[in-house]
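**Q** got a predicted structure here, sequence first:
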There are 4 protein chains.
Amino acid sequence: MAHHMQQMSQEMQQCIQNCQDCHSICLQTAVTYCLPTGGMHAEPDHIRLMLDCAEICQTSANFMLRGSDLHTRTCGICAEICQRCAENCDRMSDDAQMKECADMCRRCAESCRQMAMAKA
Amino acid sequence: MAHHMQQMSQEMQQCIQNCQDCHSICLQTAVTYCLPTGGMHAEPDHIRLMLDCAEICQTSANFMLRGSDLHTRTCGICAEICQRCAENCDRMSDDAQMKECADMCRRCAESCRQMAMAKA
Amino acid sequence: MAHHMQQMSQEMQQCIQNCQDCHSICLQTAVTYCLPTGGMHAEPDHIRLMLDCAEICQTSANFMLRGSDLHTRTCGICAEICQRCAENCDRMSDDAQMKECADMCRRCAESCRQMAMAKA
Amino acid sequence: MAHHMQQMSQEMQQCIQNCQDCHSICLQTAVTYCLPTGGMHAEPDHIRLMLDCAEICQTSANFMLRGSDLHTRTCGICAEICQRCAENCDRMSDDAQMKECADMCRRCAESCRQMAMAKA
């Protein structure tokens, strides 16, 4: 986080970090874990949702980094997609890797929801 | 457009193309025209909005390319941001370059609005 | 292509277009065709390479759109990755969809190679 | 970092983190600090290089997250662009914000250089 950005709210700094962490775990897990595992882990709808989640997290983080007031809109849809991704990962959550991914998606969804509701 | 995608609706194919064209003109114009021109063209709020518009167009196109039903949500916000970007470019639209950019943003906003309203 | 960019070389305009088309066909084919088809089409190494190819094409196009002289470097690696992706698609090229993807990757590789060799 | 990725080398985990941090500081600093500051901070060549650096860092991180052996190639060019960005920021480094950005670019360049030299 850049020095002069210490004036950025703690909530937004945390939301950017959550978006970057959620992006990382979704992209990494989809390609290096779910695809090789096969079966329901490699179903097209699951892989697509993991890639969708990774990309919208990256985009939302970038809107916040640019200081755009439109981040409330990208965070709103990010919260929705992360929530859906968490629920989909939960279907396989007797698997520690998918449970970890679901938990990260829920943390990101929660912080994005807070950002989306805040006054810009 | 991939061969087997000829079953993708004409409307969606056109919307993907509009998003890619709008991404291109906004990114290119912001960096290679507005920044060197200076003055109101180089104001932080204008450059930021052009970069926001370029990124959300890219993200929306990618959701449609992945065949995600969540494209209705990314297209909804893309329509909103393109519309705002068009209006901002219009403030400088006695300038042919900015008028061209505003026109592209409006075309993209219109097709994204149609996609956002369609049943997924 | 923005109006004032008509001074951009025909070669670069074509290379940007090829990168965007190659990005589109690789991302779309990987998620909406290869994953549902299964078997060797859905092997992790193949999907990963298609996603790598899609992303480096997008990045190279963006460097050219920003007018960066560093595009020679991104185009160099883009040519290399597109070539590798084409060869991998060829392994399945009795399949019209994969053949179309391989052909697009080769066209993109060729134009990126030209850009990479040009004086910046 | 996903659980099953604890087998990823410490060096690669650190390099991914450096790329994400360098992406963040370059994008944020360019738009929310350099553009409003004006003068040499807002020169097109400087803003362009900061945006180039932010994007190649994001792309390199994504290649490593996907477990692609081609990360050696993206890390090679990332090291080069980060180094160039650091030197450009140094021209303004009596400014604490630019010095911080230059330092982050150098850390990222160093770890990407290590990744680029490693056997894939």
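**A** On my side now, so go ahead. Because the structure is predicted, anything quoted here is derived from the model rather than measured.

**Q** pLDDT value on the spatially most central residue of chain A, please?
**A** Centroid-nearest residue in chain A: residue A:22, 3.9 Å away (criterion: Cα atoms, centre = their mean). Residue A:22 is assigned 98 on the pLDDT scale.

**Q** spell out which parts of chain A neighbour chain C.
**A** Taking Cβ under 8 Å from any Cβ of the partner chain as the criterion, chain A approaches chain C at residues A:31-32, A:35-36, A:42, A:44, A:47-48, A:51. Every C-beta, even on glycine, is put in place using the N, C-alpha and C of the backbone.

**Q** just these that are near chain D?
**A** Applying Cβ under 8 Å from any Cβ to the residues of chain A next to chain C, those adjacent to chain D are A:31-32.

**Q** can you redo the residues of chain A next to chain C as TSV with secondary structure and distance to chain B?
**A** Shown next, in TSV, are the residues of chain A next to chain C (DSSP: H, G, I helix; E, B strand; the rest coil; distance: Cβ to the nearest Cβ, whole Å):
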residue	secondary structure	distance to chain B
A:31	helix	14
A:32	helix	19
A:35	helix	15
A:36	helix	20
A:42	helix	15
A:44	helix	8
A:47	helix	9
A:48	helix	5
A:51	helix	6
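
**Q** and which of the residues of chain A next to chain C is nearest residue D:66?
**A** residue A:31 (4.4 Å; Cβ to Cβ).

**Q** correct me if wrong: the closest one contacts residue C:44.
**A** Yes. Under the criterion of Cβ atoms under 8 Å, residue A:31 is in contact with residue C:44, at a separation of 6.8 Å.

**Q** tell me which of the two has more neighbours.
**A** A count of neighbours by other Cβ atoms under 10 Å in any protein chain shown puts residue A:31 above the other of residue A:31 and residue C:44, at 24 against 18.

**Q** and the nearest residue to that one once chain neighbours are set aside, how far is that from residue C:52?
**A** Spatially, and ignoring its direct neighbours in sequence, residue A:31 is nearest to residue D:66 (4.4 Å; Cβ to Cβ, 6 or more residues apart in numbering or on different chains). Distance of residue D:66 to residue C:52, given as Cβ to Cβ, to the nearest Å: 7 Å.

**Q** okay, the two: which has more neighbours?
**A** residue C:52 (26 against 22).

**Q** residues touching that one, list them.
**A** C:81, C:85, D:63, D:66, D:68, D:70 (Cβ atoms under 8 Å, 6 or more residues apart in numbering or on different chains).

**Q** in CSV, list those residues along with pLDDT and distance to residue B:11.
**A** Listed next are the contacts of residue C:52 as CSV, based on pLDDT from 0 to 100; distance: Cβ to Cβ, whole Å:
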residue, pLDDT, distance to residue B:11
C:81, 98, 32
C:85, 98, 29
D:63, 98, 34
D:66, 98, 32
D:68, 97, 34
D:70, 96, 36
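
**Q** narrow these to those in helices?
**A** C:81, C:85, D:63 (DSSP state H).

**Q** what about the first one, how many neighbours?
**A** If you count neighbours by other Cβ under 10 Å, residue C:81 ends up with 29.

**Q** kindly export stretch A:95-114 (C-alpha atoms) in PDB.
**A** Taking Å, rounded to 0.1, in the frame of the first residue of the first chain, the C-alpha atoms of stretch A:95-114 are listed here in PDB:
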ATOM      1  CA  ASP A  95     -12.200 -31.300   0.800                       C
ATOM      2  CA  ALA A  96      -9.800 -29.000   2.800                       C
ATOM      3  CA  GLN A  97      -8.700 -27.200  -0.300                       C
ATOM      4  CA  MET A  98     -12.200 -26.300  -1.400                       C
ATOM      5  CA  LYS A  99     -13.200 -25.400   2.200                       C
ATOM      6  CA  GLU A 100     -10.300 -23.000   2.300                       C
ATOM      7  CA  CYS A 101     -11.400 -21.400  -1.000                       C
ATOM      8  CA  ALA A 102     -15.000 -21.100   0.100                       C
ATOM      9  CA  ASP A 103     -13.900 -19.400   3.300                       C
ATOM     10  CA  MET A 104     -11.800 -16.900   1.400                       C
ATOM     11  CA  CYS A 105     -14.700 -16.200  -1.000                       C
ATOM     12  CA  ARG A 106     -17.000 -15.500   2.000                       C
ATOM     13  CA  ARG A 107     -14.500 -13.100   3.600                       C
ATOM     14  CA  CYS A 108     -14.200 -11.300   0.300                       C
ATOM     15  CA  ALA A 109     -17.900 -11.200  -0.200                       C
ATOM     16  CA  GLU A 110     -18.500  -9.700   3.200                       C
ATOM     17  CA  SER A 111     -15.900  -6.900   2.800                       C
ATOM     18  CA  CYS A 112     -17.200  -6.100  -0.700                       C
ATOM     19  CA  ARG A 113     -20.700  -6.000   0.600                       C
ATOM     20  CA  GLN A 114     -19.600  -3.400   3.200                       C
END
